[in-house]
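1. quick one: sequence and predicted model below, then my questions.
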Amino acid sequence: MSPLTAHQEPYYLGDNASRPVPFDGVMTVSHYIMPNFATMDWHQVPREKVVENIRSLTDPGGNLNDRIMMYIHVPYCKSFCHYCNFNRYHYPKQDSERLERYTDYLIKEIDWYMRQPYVQAREFTGIYIGGGSPSTLPVTAVERLSAHLRKVVPNFDGIEKSFTGEPRTLRRPGLLDVLKDHGWDRITFGIETLNAKIHRKIGRLDTRDDVDAVFNRMRDLDYKADTCVDMMYDLPGQTLEGFQAELAELLDCYDPAEIDLFTTIYLPYRPLHKLIMDGRVEQPGSPWQLLSMREHLYDTLSAAGYHNTIAETWSKRPERSQYQTAHCARQDIIGVGCAARGNLRDMVSINPEKVDQWQANVDEQGASTETLQSIGPDGVLDRIMVMFPRYKSLDKALLNSYADRVGEAALARVQHVIDGHLAAGVIDEHDDRYTVNKLGVIWHGNLQTDYLRHTLNTKGEVLMNHLTESRADFDNEDRFEVTPETVYIKEHDAEYPRLMK
Ligand SMILES: C[S@@+](CC[C@H](N)C(=O)[O-])C[C@H]1O[C@@H](n2cnc3c(N)ncnc32)[C@H](O)[C@@H]1O
Ligand code: SF4
């Protein structure tokens, strides 16, 4: 890897800062979901309306996107990491029958969707099996699910296919062999940190040996799938120098095809935050350090030949993955499995969180969703705008296509935010589009929040305040302490969703 000497881009922080800090506080969250993470008012839609919306998929038209992909959720994990807020359950070790049954129901729900004229009329672009840790499924179940998908999904061999694992279970004998046989071409898994001490503190029980075993097995099999690894930064006890060394080591030892780099999200009163509040795990570094880490990773990965395909993803391939494209509101998504999220036409949904309820619904109505609801053109425009800072590009033609569909106030609000971001120097204007520049990538959570803010209810506002490090506090010694926000969130804990994604 070549050392960083000259910076082609302006430097924002450090000794030779060349641009101002553009916001009064730094958001530590990426907004994955619109609008449910914001408003959290999911269950207000009447049952009859949901049934009618499900039935509407017999109509092939009314689409906003031509393309569609499938997200399949497997909620099981071998153990729970302290920081994680995804939908997951313990891996039923003695009960592989339960996992086989879970797979039966996945197949059932997939088949229901694949029979719908709306789905059949779209171009299929990809499948993503995420979690949780789908690598906990028995190898026989992965084989069965893959063979079934190959049968029912059009052009299975030609589309992008991602499978998520966790290193301890991904290395199990036979699993990577089956994934290779069925042509899964993106294998994604978490490493999170290469610092063994921090790794233990955040509750990861996999080892470096597990990570090595996954890479080695892929090499032995001559399995050419892209390796996509998740890393986290701004972790407890992590220093800038430590993070720089980890990143260098990651590139040196593993040379992954794609790297997701997530700022650690400390959701209040979830285990990692509690451990910090109890003094059992140290506080993370200051927001200044967090910003320096962002700038460092941007420079290092650019210099190492990676493309910043979406705000938190760095890939050796110049183009975005289909999964990311869909995630950024540019394709429809079929959500299969408990807690999976769907976007169809202008409708959004989340499947039931609990496995039993999900299975009962699949038996009863084919698609498990109880929340499929229209968010209307204003809601769709909101989704597009909230995802623009991650997608990093917004065609003016796409924006203009909403001019006749949404009210003047909605359009004016969007334009006002765009103008503010242009003035702050975080986005650039071109003839046909707006793009997010390096400063905008570093602050992309703030950009997203500006588009999201008007949809927040009180619970959302309080959470956003908790997830914002205010400028006045940047020099505080401790990042986390009891605040009015943490007290409120503790009191309303049951009303906050368990999901981030
Ligand atoms: C579904 S897991 C990845 C696959 C697999 N379960 C594993 O852990 O190896 C999703 C990823 O989201 C990220 N993530 C989870 N909770 C997070 C949090 N609180 N803050 C930042 N990133 C988080 C982690 O990088 C994690 O690997
Ligand atoms: S980070 Fe991965 S392995 Fe850990 S609890 Fe979350 S989904 Fe499971």
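-> Arrived safely, thanks for sending. Ligands and ions are numbered 1, 2, ... in the order given.
2. around ligand 1, pick out the residues from the protein.
-> 83-86, 130-131, 133, 164, 166, 189-190, 192, 230, 232, 262, 264-265 (CB under 6 Å from any ligand atom). Heads up, the C-betas are built off the backbone N, CA and C, glycines and all.
3. would you map the helices across the stretch 301-450 of the chain?
-> Using DSSP state H, counting those that start in this stretch, the helices of the stretch 301-450 of the chain run over 322-325, 355-365, 376-391, 396-400, 408-424, 438-442, 444-452.
4. buried residues of the fifth one, list them for me.
-> What that stands for is helix 408-424. Residues 410, 411, 413, 414, 417, 418, 421, 424 are the ones in helix 408-424 that count as buried (16 or more other CB atoms under 10 Å).
5. who's in contact with the third one?
-> I take that to be residue 413. residue 454 (CB atoms under 8 Å, 6 or more residues apart in numbering).
6. could you do the last one as well?
-> Remark: with contacts taken as CB under 8 Å, 6+ apart, residue 424 is in contact with 22, 23.
7. next one: the first one
-> Taking CB under 8 Å, 6+ apart, we find residue 410 in contact with 378, 381.
8. and the residue in the chain that ligand 1 sits nearest to, helix, strand or coil?
-> Nearest residue of the chain to ligand 1 (CB to the nearest ligand atom) works out as residue 190 at 2.7 Å. Of the three states, residue 190 takes strand under DSSP: H, G, I helix; E, B strand; the rest coil.
9. now swap in residue 281 and tell me
-> coil.
10. neighbours of the residue lying closest to residue 210 once chain neighbours are set aside, how many?
-> Spatial nearest neighbour of residue 210, excluding adjacent residues (CB to CB, 6 or more residues apart in numbering): residue 167 at 3.7 Å. Other residues within reach of residue 167, judged by other CB atoms under 10 Å, total 23.
11. picking that back up, could I get the helices of the stretch 301-450 of the chain as CSV with mean pLDDT and distance to residue 482?
-> Converted to CSV, the helices of the stretch 301-450 of the chain look like this (pLDDT from 0 to 100; distance: least, CB to CB, whole Å):
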stretch, mean pLDDT, distance to residue 482
helix 322-325, 96, 37
helix 355-365, 97, 35
helix 376-391, 94, 30
helix 396-400, 96, 43
helix 408-424, 96, 32
helix 438-442, 95, 29
helix 444-452, 95, 23
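12. could I get the ones you listed as JSON lines with distance to residue 216?
-> Formatted as JSON lines, the helices of the stretch 301-450 of the chain follow (distance: least, CB to CB, whole Å):
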{"stretch": "helix 322-325", "distance to residue 216": "26"}
{"stretch": "helix 355-365", "distance to residue 216": "34"}
{"stretch": "helix 376-391", "distance to residue 216": "33"}
{"stretch": "helix 396-400", "distance to residue 216": "44"}
{"stretch": "helix 408-424", "distance to residue 216": "45"}
{"stretch": "helix 438-442", "distance to residue 216": "33"}
{"stretch": "helix 444-452", "distance to residue 216": "35"}
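13. nice, that's everything, thank you.
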